[in-house]
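> Need coordinates for the below:
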Amino acid sequence: MELLLDRLSKRYGAKAAVDNVSAALGPGMHALLGANGAGKTTLMRMLCGILEPDSGSVSLDGGDIFTLGPEYRNLLGYLPQDFGYYPGYTAGEFMLYIAALKGLPRSVAARRSAALLETVGLSKNAKQKIKTFSGGMKRRLGIAQALLNRPEILILDEPTAGLDPKERVRLRNLLSELANDRLVLLSTHIVSDVESAADRVLLMKAGGILLDGSPEALASQAEGKVWEVPVEEKRVPEWESRFNVANLRRESGRLYLRVISDESPCPEAIPSRPTLEDIYLYFFPTDKED
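As a prediction, the model looks like this:
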């Protein structure tokens, strides 16, 4: 199975939300990584057939997804960033409702709904109203409804947004399991969501793909750009105003800044092994697109 993106573009007025994006996606865990506004949601909506591109195409095994129509949608599971639900429904009722919309026979729907609620750790909450759920529980319910039709392609827009660290780890582990036998594509601006789980990362900025490869391959692009610098505490604000500072640490009573810079920022700077977060911060020194 191969989902082929061929020179996809989408504009809103003068702004190019997605700009000439090409990629071939197969089974496994793929991540779109980029700051808010990078074009991730627009790209995903085109891959789901919700938005038509201004130019370019999306095809599955050689067939255009808009031509395939229902045949493609039957293979697709989608969790949008703003997951819509009926707060007065219980989790079980909501799953049966979504199953009906997807055309599942009632006997199949009941069995599959129960199994998926078990998979996402919500079986004990099946009779609980969704309005009482935590953010993490709602996102897990969103994953469950996206899996009702046993999709071969699972597309998830910011699935860990708003979750606490424990919920994020649990959800990442679930997605890693699901990626064993299907194509999983998730978008995020949280580096830790993809650093340990993704097989492949596509780094997006201003609607385009800047880098494409494994987390390790992308991290290596920051080689020679990451430095540890010993500084006096009173000079930290000065350094933060002049340089791209990733973090600070204390060791043996000394303070060290992790600085991302094309050149050594001072004679005392020590080269440091880069991480995926470093290459992200190299391209996104703030958490927002220009």
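> What ranges does this structure have for its helices?
For the chain, helices defined by DSSP state H occupy the ranges 40-47, 65-68, 70-73, 91-101, 106-119, 135-146, 165-178, 192-195, 215-220, 236-242, 276-283.
> could I get those helices as TSV with mean neighbour count, distance to Ala269 and mean pLDDT?
(Glycine included, C-beta is placed from N, CA and C.) TSV is the format used below for these (neighbours: other CB atoms under 10 Å; distance: least, CB to CB, whole Å; pLDDT from 0 to 100):
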stretch	mean neighbour count	distance to Ala269	mean pLDDT
helix 40-47	23	34	96
helix 65-68	16	49	94
helix 70-73	14	52	92
helix 91-101	19	53	95
helix 106-119	15	48	93
helix 135-146	21	40	89
helix 165-178	16	31	84
helix 192-195	21	24	86
helix 215-220	18	19	95
helix 236-242	12	11	93
helix 276-283	22	14	94
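> The closest residue to Tyr85 other than its chain neighbours: how many residues sit nearby?
With sequence-adjacent residues excluded and distances taken as CB to CB, 6 or more residues apart in numbering, Tyr85 is closest to Ile130, at 5.2 Å. Neighbourhood size, Ile130 [other CB atoms under 10 Å]: 18.
> gap between Ile130 and Ala109?
18 Å (CB to CB, to the nearest Å).
> looking at the helices of the chain, which is closest to Leu4?
helix 65-68 (9.9 Å; CB to CB).
> what does that closest one rub up against?
Under the contact criterion CB atoms under 8 Å, 6 or more residues apart in numbering, helix 65-68 has outside partners 47, 49, 52, 58-60, 72.
> I'd like to know which of these are buried.
When the contacts of helix 65-68 are checked for burial by 16 or more other CB atoms under 10 Å, the buried set is 47, 49, 58-60, 72.
> Distance to Gly142 for the contacts of helix 65-68 - can I get that in a markdown table?
Converted to a markdown table, the contacts of helix 65-68 look like this (distance: CB to CB, whole Å):
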| residue | distance to Gly142 |
| --- | --- |
| Leu47 | 17 |
| Gly49 | 19 |
| Glu52 | 25 |
| Val58 | 23 |
| Ser59 | 27 |
| Leu60 | 23 |
| Tyr72 | 21 |
